[in-house]
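Enquirer: need a 3D model of the following:
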Amino acid sequence: MSRSGKSHRDEYLILIVLGLVVIGTTALLTMDRWRDGAASKRPYPSTYSNTPEGMRVYHTLLDRLSLKAKRNESPLFHEELAEVDVLFLLNPVSRVDRMEREELDEWLRAGGVLVTSDPSSVDLARTVVMQSEERPQPFPRRSPPRDLADVTAVAENEPDLPLARDVSSIATVSPATLDIQPQDPPRTSGQVERLFADERGLRVAAAPVGRGWVIALADSSFLNNGWIGLADNAVLAVNLAAYARNLARGPNVSFDEYHNGFGRRLSGWSIMWAMLLETAAGWAVLSLTAAGILYLFYRGRRFGSRYPLERRRRRSKLEYIQSVATTYQAAGANRLTFGHLYQRLRRRLAAAVGLPPSADSGDVAAALARRMEQPAQRYDAVLRQCDAAMAQRRLSNGQLRQLTAELAAIELEVLHGNQAGQ
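Expert: Residues are numbered from 1 along each chain as shown. Reported below is the predicted structural model:
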């Protein structure tokens, strides 16, 4: 097999290996996304579902109140919280980890509003100083029949609480209430505010944290699709949204789905996929990879007949010198040419006798005479003729040849050791 055929064979082998790598990586990424989708199908309610435990109706209600409700499917880090003004963290399945708690605390102190039905799940019990006397049933949550709803009236001694306006009774899944317990030292920026209470006790309360607020719900079932239409639950839900909006910096509302099992679970492959498709560096890597594949594919491809390299005769040094001389002569640059030759030789002569390049011609001639043991008049006459020629505006061809010959004789005599006339 020829060398060219072997080279093409190696290139095709490289292309096959690269193709297998691309196919394998794509398959792994697809399987990873499929596993993420399968893992998200859990028996826990999504806030946007149409099931009785979902909150699709409440999402629609917020939209009509000009609140931009969206769903958060990522961990609660700075990038996600930066675009959120009011965060609903309702009945989370998984606990918020330490890094998320730190980000939440910073977001709250900057002015965020957190609405949660489980303060202890985010380790906010020390901050909000609220505990629930009775918690709802653990997951999987299934709402009891509507006729078994726990319907209670608004507390007679607290009818003017902020969320009690136009509310006479509510229906909830459980009789859970909030128990405000002062702690030492206090973690809040002020006193806990009672927002809504019924005949069973405190149902909704708020506590300031820096410039933000945490609103704790004893039971969030009054926001669910299957319960929001019972009693005055819809009015209470509207009051809660309006109150949270007044405390917030803006209208952006987000419902946490990540801790209910519906978010995107980060893995090594999903992170790599995001880096490749969502960052400039990733697109650069993909572009370079595609360019490399195309280069390997087209490297051995010919788009025409082969022609041998034509070896043309190159110009000799003599031809170059002759062409430069002809150019100078045609331009009438005798004085310029002589100036280059004279100045270069004069610097070499001055250096040979230990004088600076700017030394006077008479001093250079005297030094040359002492070195060569020759009369100084000869050197002095030639150098002064050259100085006079440099002062002229034009220099004839005859003068150029005469002065150049005399300078050449001095160069041979002084720099190369040849006596004049040899």
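
Enquirer: need phi/psi at residue 67.
Expert: phi -100, psi 130 (degrees, to the nearest 10).

Enquirer: could you check the pLDDT of it?
Expert: On pLDDT, residue 67 comes in at 78.

Enquirer: for the remainder of this discussion, apply numbering that starts at 490.
Expert: Got it, the first residue is 490 from now on, which makes the last one we talked about residue 556.

Enquirer: dump the residue contacts of it.
Expert: 575, 730, 734, 740, 742 (CB atoms under 8 Å, 6 or more residues apart in numbering). Every C-beta, even on glycine, is put in place using the N, C-alpha and C of the backbone.

Enquirer: strands - which of the residues you listed land there?
Expert: The members of these that map onto strands under DSSP state E are 575, 742.

Enquirer: selecting buried members of the contacts of residue 556 in PyMOL, what would you type?
Expert: Command for PyMOL, covering only those of the contacts of residue 556 found buried under the criterion 16 or more other CB atoms under 10 Å:
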select buried, resi 575+730+734+742
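
Enquirer: okay, the contacts of residue 556 in a markdown table with distance to residue 750 and pLDDT next?
Expert: Putting the contacts of residue 556 into a markdown table (distance: CB to CB, whole Å; pLDDT from 0 to 100) gives the following:
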| residue | distance to residue 750 | pLDDT |
| --- | --- | --- |
| 575 | 22 | 92 |
| 730 | 25 | 90 |
| 734 | 28 | 89 |
| 740 | 28 | 86 |
| 742 | 21 | 90 |
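
Enquirer: and the contacts of residue 556, which two are furthest apart?
Expert: Spatial extent of these (CB to CB) is set by the pair 730 and 740 at 10.4 Å.

Enquirer: redo the contacts of residue 556 as a markdown table? Include distance to residue 646.
Expert: Listed next are those as a markdown table, based on distance: CB to CB, whole Å:
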| residue | distance to residue 646 |
| --- | --- |
| 575 | 30 |
| 730 | 26 |
| 734 | 28 |
| 740 | 34 |
| 742 | 32 |
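
Enquirer: quick check: residue 546 is in a helix.
Expert: Yes - under DSSP: H, G, I helix; E, B strand; the rest coil, residue 546 falls within a helix.

Enquirer: wait, which of the contacts of residue 556 is closest to residue 593?
Expert: Set against residue 593, the nearest of these by CB to CB is residue 575 (13.1 Å).

Enquirer: what about that closest one, distance to residue 600?
Expert: 11 Å (CB to CB, to the nearest Å).

Enquirer: overlap of the contact sets of those two?
Expert: Counting by CB under 8 Å, 6+ apart, the contacts common to residue 575 and residue 600 are residue 737.

Enquirer: if we can go back for a sec, which one of the contacts of residue 556 sits closest to residue 786?
Expert: residue 742 (51.6 Å).

Enquirer: residue 884 reaches residue 827, doesn't it?
Expert: Yes - Residue 884 lies in contact with residue 827 (CB atoms under 8 Å); the separation is 5.8 Å.

Enquirer: need the strands for the stretch 640-789 of the chain, in chain order.
Expert: Remark: strands assigned in the stretch 640-789 of the chain by DSSP state E, counting those that start in this stretch are 658-661, 667-669, 682-687, 690-698, 701-706, 741-745.

Enquirer: give me whichever of these is most buried.
Expert: strand 701-706 (a mean of 25; mean count of other CB atoms under 10 Å).

Enquirer: I'd like the mean pLDDT over it, please.
Expert: For strand 701-706, the per-residue pLDDT averages 90.

Enquirer: so what touches it?
Expert: Contacts of strand 701-706 (CB under 8 Å, 6+ apart): 579, 596-606, 608, 613, 616-617, 619, 667, 684, 692-696, 729, 732-733, 736.

Enquirer: about what we covered before: what do residue 884 and residue 827 both touch?
Expert: Common neighbours of residue 884 and residue 827 (CB under 8 Å, 6+ apart) are residue 878.

Enquirer: and the helices in the stretch 740-889 of the chain?
Expert: Along the stretch 740-889 of the chain, counting by DSSP state H, counting those that start in this stretch, helices occupy 757-767, 769-787, 806-819, 823-841, 850-861, 865-880, 886-904.

Enquirer: and of these, who's closest to residue 539?
Expert: Going by CB to CB, the one of the helices of the stretch 740-889 of the chain nearest residue 539 is helix 757-767, 28.1 Å.

Enquirer: state the mean pLDDT of that closest one.
Expert: Mean predicted confidence for helix 757-767 is 68.

Enquirer: before we move on, what about stretch 599-613?
Expert: 74.

Enquirer: by mean pLDDT, show me the worst of the strands of the stretch 640-789 of the chain.
Expert: Among these, strand 667-669 scores lowest, at a mean of 76.

Enquirer: now it: how far from the chain's centre is it?
Expert: Remark: strand 667-669 is offset 45 Å from the chain centroid, using CA atoms, centre = their mean, to the nearest Å.

Enquirer: what do you get for stretch 650-668?
Expert: Using CA atoms, centre = their mean, the offset of stretch 650-668 from its chain centre is 47 Å.

Enquirer: and if you look at stretch 641-661?
Expert: 51 Å.

Enquirer: give the contact list for the residue of the chain most remote from its centre.
Expert: The outermost residue of the chain, judged against the average C-alpha position, is residue 864 (81.1 Å), by CA atoms, centre = their mean. By CB under 8 Å, 6+ apart, residue 864 lies in contact with residue 858.

Enquirer: what do you get if the cut-off is 10 Å, keeping everything else the same?
Expert: By CB atoms under 10 Å, 6 or more residues apart in numbering, residue 864 lies in contact with 854, 858, 870.

Enquirer: same check, this time on residue 778
Expert: 507, 510, 511, 765.

Enquirer: among those residues, which ones are buried?
Expert: residue 765.

Enquirer: and residue 869, how close does it get to residue 850?
Expert: Following CB to CB, the distance that separates residue 869 from residue 850 is 7 Å.

Enquirer: over to residue 536?
Expert: 100 Å.

Enquirer: neighbour count winner among the two?
Expert: Neighbours per residue, other CB atoms under 10 Å: of residue 536 and residue 850, the larger number sits with residue 536, 24 against 18.

Enquirer: and that one, what helix or strand is that in?
Expert: Using DSSP states H and E, residue 536 sits in no helix or strand.

Enquirer: hmm, residue 549 and it touching each other?
Expert: No - counting by CB atoms under 10 Å, residue 536 stays clear of residue 549, with 12.0 Å between them.

Enquirer: between these two, what contacts are shared?
Expert: In contact with both residue 536 and residue 549: residue 558, using CB under 10 Å, 6+ apart.

Enquirer: do you know how far the nearest residue to residue 848 once chain neighbours are set aside is from residue 897?
Expert: In this structure, residue 848 finds its nearest non-sequential neighbour in residue 839, 5.4 Å apart by CB to CB, 6 or more residues apart in numbering. Counting by CB to CB, the gap from residue 839 to residue 897 is 18 Å.
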